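Peer 1: Dropping a prediction and its sequence here:
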Amino acid sequence: MHEPVIVVHGGAGAWHPERRPAGLVGVRNAAQTGYKMLKANGSALDAVEEAVKAMEDDPAFNAGLGSAYTIDKRIEMEASIMDGKTLQAGATSLLTDIKNPVSLARITMEHTDHIFIAGKGAEKLAQLYHLERQKPETKLRLDYWNEAHQKLLSGKDQTLPKLGKLIQTHPNLFETDTVGAVAIDKHGDTAAATSTGGFTLKFPGRIGDSPLIGAGNYADNQAGACSATGIGEVAMRLVLAKYVCDKMGTGQTAQKAVENGIRLVYKRLRIKNSMGLIAVDAKGGMGAAHNTDNMCWAYMTSKMAKPKASMKARRCLT
C-alpha cells in the first residue's frame, strides 16, 4: 500500500501582491479537497478532478470562473485529465460557459471513444450529461484585459507575434494562472488534471498545452504524473509533461525530474520567465519547480494535518 499524496498548482507567473493571499488560500483548499478524496479511499483520478474543480470555482485563478479574455474579449476555456493506471485520457477546449471544464474532460475520457472534443461538440456533450453552466467573467480579468489592450493600442507593444521578446518586455501580460493537480493513491495509481482560461489577449481559437496530453498534462503508473503551468507554446514544443514523466520512469525523483524539465526550457529554447511544473513519482515523492517569479502551489500527505502552500518552489533559471 502507498501513502497518498496530492500536489496542486494555481499557476506560475507574476502573481501581483494583492492576489497572493487569495491564491494561497485557494491552493490550500484545493489540496485539502483532493486529499479528502484520497483519505476516503477515493482514486487519484477522483482526487485530481475534485482539486481542480475547487480551483475552477475560485475566481482567484485563471480557470473556470475568472478565466482570461481573448484579444476580442471572449472567453475560451480548456482542460484535460489522465489516468496513470490505464493511460486513458480526456481533453476539451474552446468552452465558453462550462462551470467545470475538467469534469467535461473526464466525461470525454469515460463516455466517448475519443480523447479530445472541442467547441460545439464539447458543448453538446456537456448538455447530454447535464453539466452546470455559468458565466466565467470577473472584474479582475476584465481589468487585466483593458490594461493589456491599452498597451497594444497605444503602440507600446510592438512585439506581439514574438513570444520570447514579449515575455521579456511585458511579463505582466501573461498571468499564466493555469491550475493543475497530480496525485497518487493508496493503490499506487497516479493521475493528473490541468485546466486554464489561457493568457490575456490570446488569439481566438488558440489552444494551449493544458488540454494536450503530453504537453501540459501526463500520468503513467510506471513513472508518475505531471502538470504544467505557464506559456503553453513552450510546453507544447518540448512535450514537457511527458518529458518529466519519462525522466521519472528512468528512476529520477519527481523533484529532480521537474528541475530538469525547467532547465530544458532554457537549454533548448532560451526562454526565461515562462514555466512551472509539479509532479509526483511512482514512489510517492513529489516535486515542484519554476523559472517564473512565482508559482502558487500546495501539497498534502498522510503525515500532515493540513496542506502546506507557497508562492515559491525550486527556481531554475538556467
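Peer 2: Sure, I can see it.
Peer 1: Which stretches in the stretch 151-300 of the chain count as strands?
Peer 2: Assigned strands in the stretch 151-300 of the chain, in chain order: 179-184, 190-196, 217-220, 224-230, 275-281, 286-290, 294-301 (criterion: DSSP state E, counting those that start in this stretch).
Peer 1: and the longest one, how far from the chain's centre?
Peer 2: Distance of strand 294-301 from its chain centroid, counting by Cα atoms, centre = their mean, to the nearest Å, is 12 Å.
Peer 1: ditto for the second one
Peer 2: The chain centroid and the centroid of strand 190-196 are separated by 7 Å, computed with Cα atoms, centre = their mean.
Peer 1: Between strand 179-184 and it, find me the angle.
Peer 2: Computed by axes from the mean of the first three to the mean of the last three Cα atoms, to 10 degrees, the angle separating strand 190-196 from strand 179-184 equals 180 degrees.
Peer 1: what's the angle between strand 190-196 and strand 275-281?
Peer 2: With the same axes, to 10 degrees defining the directions, strand 190-196 sits at 160 degrees from strand 275-281.
Peer 1: next one: the longest one
Peer 2: In this structure, strand 294-301 runs at an angle of 10 degrees to strand 275-281, with the same axes, to 10 degrees as the basis.
Peer 1: how about the helix or strand that strand 294-301 is followed by: buried residues?
Peer 2: For strand 294-301, the succeeding helix or strand toward the C-terminus, using DSSP states H and E, is strand 308-310. Residues of strand 308-310 classed as buried under the neighbour-count rule (16 or more other Cβ atoms under 10 Å) are Ala309. Yep, even glycine has a C-beta here, placed from its N, CA and C like the rest.
Peer 1: quick one on the thing from earlier: can you put the strands of the stretch 151-300 of the chain in JSON lines and add distance to Ala47, mean pLDDT and mean neighbour count?
Peer 2: Below are the strands of the stretch 151-300 of the chain laid out as JSON lines (distance: least, Cβ to Cβ, whole Å; pLDDT from 0 to 100; neighbours: other Cβ atoms under 10 Å):
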{"stretch": "strand 179-184", "distance to Ala47": "4", "mean pLDDT": "98", "mean neighbour count": "36"}
{"stretch": "strand 190-196", "distance to Ala47": "7", "mean pLDDT": "98", "mean neighbour count": "35"}
{"stretch": "strand 217-220", "distance to Ala47": "12", "mean pLDDT": "98", "mean neighbour count": "31"}
{"stretch": "strand 224-230", "distance to Ala47": "11", "mean pLDDT": "97", "mean neighbour count": "33"}
{"stretch": "strand 275-281", "distance to Ala47": "11", "mean pLDDT": "97", "mean neighbour count": "32"}
{"stretch": "strand 286-290", "distance to Ala47": "14", "mean pLDDT": "98", "mean neighbour count": "26"}
{"stretch": "strand 294-301", "distance to Ala47": "10", "mean pLDDT": "97", "mean neighbour count": "27"}
